[in-house]
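1. Pasted the sequence and its predicted model underneath.
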Amino acid sequence: MEIRKNLLQGSNVKFEKSPSFGEEFKPGDLDTVIIHYTGGPARAAINSFKNPRLKVSAHIVVARDGTITQMVPFDRIAWHAGRSQYQGRKGFNKFSIGIEIENSGNLVKSGNVYRAWFGSAYDPSDVIEAVHRNENRARFWHVYTEEQIEIVREVCELLIDTYDLKHILGHEEISPSRKLDPGPAFPLDKLRNQVLSGDRDQDEAEDVRLLAAKVMVRKLNVRSSPDRRAKLAGPPLTHGSKVKILEEKDGWYKVETTNTGWVSGKYIQTLK
């Protein structure tokens, strides 16, 4: 995969033009990637971005199988961020490339399945229970596929190398009062660490399904290092929350939920 004339080129890439986009980025303004989820099927998002009445768009949409649909050239402003601000800057459309990933977001348990807001049902194997970085209670979330996570990483690397970008942010970080995407099922912190820190050779085998564990106590603190006296690394995990295990050290597990931290192995149970 490569970028030529501000368009992705590759066997898994197609182009469907959105009518909803603005002028070229001003010199020096483009420095960020914003990660979104579609909140529904990829095709529905693509159709919305092609509807001129809606005046919304993103640069690319990544389907469940990793197929990419580009809709706006990377040198033009797409309309994906809406009301947004972060670290003193407002209106992130003019600073960022928007990546939409097909994912249904927050789900509600209904019997033996989990349902999205638009009615589709999902098997438990496609669901993770986790605490969102902007909330303090666990909810159910649609997982991302291995193909999506890998493709988004590859695209971010290309964008950073081509346009000298400096930041990768979630919509939930630039619009925390109104947006939840990409949510805790997406390894946003890990993506940033790998792509922005230069640690691009790290093994990519891990994803939200690889090695999971469930919290067995009412509340479990997440700490910055494997020590009960270490600083907290985020809100506590609640009973039943599922986490990804990244590492084990001296009876502690390094886990990933909304961010990365350490928990005592005494209080979690690994899942097969």
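-> Great, that's in hand.
2. Off-centre distance for stretch 10-30?
-> Its chain's C-alpha centre lies 20 Å from the corresponding centre of stretch 10-30 when counted by Cα atoms, centre = their mean, to the nearest Å.
3. nope, stretch 149-162 is what I meant
-> Between the mean C-alpha point of stretch 149-162 and the mean C-alpha point of its chain there is a distance of 13 Å (Cα atoms, centre = their mean).
4. Check stretch 133-150 too.
-> Chain-centre distance of stretch 133-150: 7 Å, with Cα atoms, centre = their mean.
5. Worst mean pLDDT across the helices and strands of the protein, which element?
-> In the chain, no helix or strand scores lower on mean pLDDT, DSSP states H and E than strand 268-271, which sits at a mean of 78.
6. And for that strand, what's in contact with it?
-> Defining contact as Cβ atoms under 8 Å, 6 or more residues apart in numbering, one finds that strand 268-271 is touched by L211, A212, A213, K214, V215, M216, L220, K242, V243, I245, Y253, V255. Backbone N, C-alpha and C define where each C-beta goes, glycine included.
7. before we move on, what about stretch 146-161?
-> With contact meaning Cβ under 8 Å, 6+ apart, stretch 146-161 is reached by 1-3, 8, 12, 33, 35, 60, 62-66, 68, 74, 97, 99, 101-103, 165, 168, 186-187, 191, 194-196, 200, 204, 207, 209.
8. Buried by neighbour count: which residues of it qualify?
-> Applying a neighbour-count criterion of 16 or more other Cβ atoms under 10 Å, one finds 146-149, 151-160 buried in stretch 146-161.
9. With stretch 37-53 instead?
-> The neighbour-count check on stretch 37-53 (16+ other Cβ under 10 Å) flags Y37, T38, G39, G40, P41, A42, A45, I46, S48, F49 as buried.
10. ranges for the strands of the stretch 151-272 of the chain?
-> Applying DSSP state E, counting those that start in this stretch to the stretch 151-272 of the chain gives strands spanning 167-170, 212-215, 219-220, 237-238, 242-249, 252-256, 260-264, 268-271.
11. List the contacts of G10.
-> M1, E2, I68.
12. per-residue pLDDT, it?
-> On pLDDT, G10 comes in at 96.
13. quick revisit: now tabulate the buried residues of stretch 37-53 in a markdown table and tack on distance to S224.
-> Output for these, formatted as a markdown table (distance: Cβ to Cβ, whole Å):
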| residue | distance to S224 |
| --- | --- |
| Y37 | 28 |
| T38 | 33 |
| G39 | 32 |
| G40 | 36 |
| P41 | 39 |
| A42 | 37 |
| A45 | 37 |
| I46 | 41 |
| S48 | 41 |
| F49 | 40 |
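14. Show only the entries of those residues found in helices.
-> The helices, defined by DSSP state H, take in A42, A45, I46, S48, F49 from the buried residues of stretch 37-53.
15. Just to check, the fourth one is in contact with K55?
-> No. With contact defined as Cβ atoms under 8 Å, S48 does not reach K55; the gap is 10.2 Å.
16. for the stretch 101-250 of the chain, which spans come out with low pLDDT?
-> Within the stretch 101-250 of the chain, the set of residues satisfying pLDDT under 70 comprises 198-210.
17. Mind jotting down where the helices sit in it?
-> Along the stretch 101-250 of the chain, counting by DSSP state H, counting those that start in this stretch, helices occupy 146-163, 171-174, 188-196.
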